[in-house]
Each structure stands twice: as C-alpha cells, then as structure tokens.
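**Q** this one's sequence-less:
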C-alpha cells in the first residue's frame, strides 16, 4: 500500500524526542502524543519522501510500520520526512507522532564537579 513505509528487516527504529521548533509547531493538536525523530537507512529514501508528500498533498496520512522490541507489529503516523545522503549511503529522516504514554524520557545527569 502507498499509505505506509514498512521496515522489512533489521532492528526496530530508535526514537529520539524531537527538539526542532518547526516540528513542534506542526505537531500541535488536541491529541495527547509525543513528537519523536528517527533515522533509517533506505536504498530509495527520495522515493519514500515523495510518497509521503503525495499522501499529504491528497489530505492522507502516511505511517511507519515496524516491529517493536517484543516482536509486535506497530504503526505510527509520520508528520515530516527528509531524504539525505551520508557517507554510508541514503538515509531517511522521519518525524513521527506516538502516544504520550509510549514516549520514554531519559534524563541523564553528568557529575562534572570534582570532589576532593
């Protein structure tokens, strides 16, 4: 189907909490959800972005389909996409909306103070 991008092989995507101001503005709405960002290696990243743009132009929704760590099939809406070239090859950058309860915020504290 043209309304989803499916990760066929490899590990589940790693989601990072999105910090981009423009993406947070696009994400605003009545739903209780979190905005996350992921990077995926994809042979046809430009074509995948074009599919997203076509769906959005026609007032449709694009979804990322993947297997979670527990092996269950998951889908989440894509709100923005970008194709880039890196040293390793084409990469697909995706901004996604996930339910707020699924978002885990990891806060780390670095102890830079030296105790003598």
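**A** Yes, it's here. From a predicted model like this one, the values you see are computed outputs, not experimental measurements.

**Q** Show me what secondary structure element comes after the helix or strand bottoming out on mean pLDDT in the chain.
**A** Of all regular secondary-structure elements in the chain, judged by mean pLDDT, DSSP states H and E, the least confident is helix 21-27 with a mean of 55. Moving toward the C-terminus from helix 21-27, the next helix or strand (DSSP states H and E) is strand 33-41.

**Q** buried residues in the helix ranked longest in the chain?
**A** Longest helix in the chain by number of residues, with DSSP state H as the criterion: helix 45-57. Taking 16 or more other CB atoms under 10 Å as the basis for neighbour counts, the residues of helix 45-57 that come out buried are 45, 48-49, 51-52, 55. Backbone N, C-alpha and C define where each C-beta goes, glycine included.

**Q** If we only consider these, which is nearest to residue 3?
**A** Distances from these to residue 3 were compared by CB to CB; the smallest belongs to residue 55, at 6.0 Å.

**Q** I figured that closest one hits residue 4, correct?
**A** No. Contact status for residue 55 versus residue 4: not in contact, 9.3 Å apart, counting by CB atoms under 8 Å.

**Q** what is in contact with these two at once?
**A** When contacts are counted by CB atoms under 8 Å, 6 or more residues apart in numbering, residue 55 and residue 4 have residue 62 as shared neighbours.
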